[in-house]
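Undergrad: Need the 3D shape of this:
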Amino acid sequence: MKIYSRKAEIIFQASQLFKEKGYSAVTMRDIAQEMGIKAASLYNHIKSKQEILSVLILDLAKDFTSGMKNIEGMKISPLQKIEKLIELHIDITVNQSEALAALNNDWMHLEEEDLASFIKMRENYEEHFRNIIKEGISIGQIQPRHPEVILFSILSTLRTLYLWYQKRGKLDVNLLKRDMVAVLLRGIV
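TA: Next comes the predicted model:
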């Protein structure tokens, strides 16, 4: 990852520590130590650990939201949109695994406005995904299964992909996309 500013470097280092130890266990002193600077120096660039968490999670939630909007606007079938959404999750996992870890594990530590904003983005994302699934069912592209079960099955796999991907020696992204789309949409039988 190319670092463009001191603030971005702080956020990147903190995201790695959050992924390793969890948000609650990391202090500003830990972040400073990881960077080889004094904790007081961090405050020249960032207000608090909470700001770091908010930037990580809300920026990533915005990436998912804009990805969903782009995919929904495509003139393709519901099944193709779901394929694109799976690929979106894979791309984000591969390129932003530390932020994804914070989003999955530490979102509940966001403060009031940021927490409400994140929850709203997540609920809207899931609702749009659900609607694509329902459309696919209504036109016979997707088997008539309960949309919530389909949504849960896909998203629960994709939300934990960063853990599995890291342990497996980072498979080729194109192979991962091809096989995950196949397994999640067509099953193994």
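Undergrad: hey, let's count contacts and neighbours off CA atoms from now on
TA: Fine.
Undergrad: what are the ranges of the strands in the protein?
TA: Here the chain has no strands by DSSP state E.
Undergrad: now the helices for it?
TA: Under the criterion DSSP state H, helices of the chain are mapped to 6-21, 28-35, 39-42, 49-72, 78-95, 97-106, 112-138, 147-159, 161-167, 173-186.
Undergrad: Using CSV, please lay out the ones you listed together with mean pLDDT and mean neighbour count.
TA: Below are these laid out as CSV (pLDDT from 0 to 100; neighbours: other CA atoms under 10 Å):
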stretch, mean pLDDT, mean neighbour count
helix 6-21, 93, 19
helix 28-35, 94, 16
helix 39-42, 88, 14
helix 49-72, 97, 18
helix 78-95, 97, 19
helix 97-106, 92, 21
helix 112-138, 98, 17
helix 147-159, 96, 15
helix 161-167, 88, 15
helix 173-186, 95, 15
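Undergrad: From Leu17, how far off is the closest residue to Ser48 other than its chain neighbours?
TA: Nearest residue to Ser48 in three dimensions, chain neighbours excluded: Met28, at 7.7 Å (CA to CA, 6 or more residues apart in numbering). With distances taken as CA to CA, to the nearest Å, Met28 is found 11 Å from Leu17.
Undergrad: Likewise for Trp164?
TA: For Trp164, the distance to Leu17 - CA to CA - is 18 Å.
Undergrad: if I pick the closest residue to Leu42 other than its chain neighbours, what's in contact with it?
TA: In this structure, Leu42 finds its nearest non-sequential neighbour in Ala32, 6.7 Å apart by CA to CA, 6+ apart. Residues counted as contacts of Ala32 (CA atoms under 8 Å, 6 or more residues apart in numbering) are Lys38, Ala39, Ser41, Leu42.
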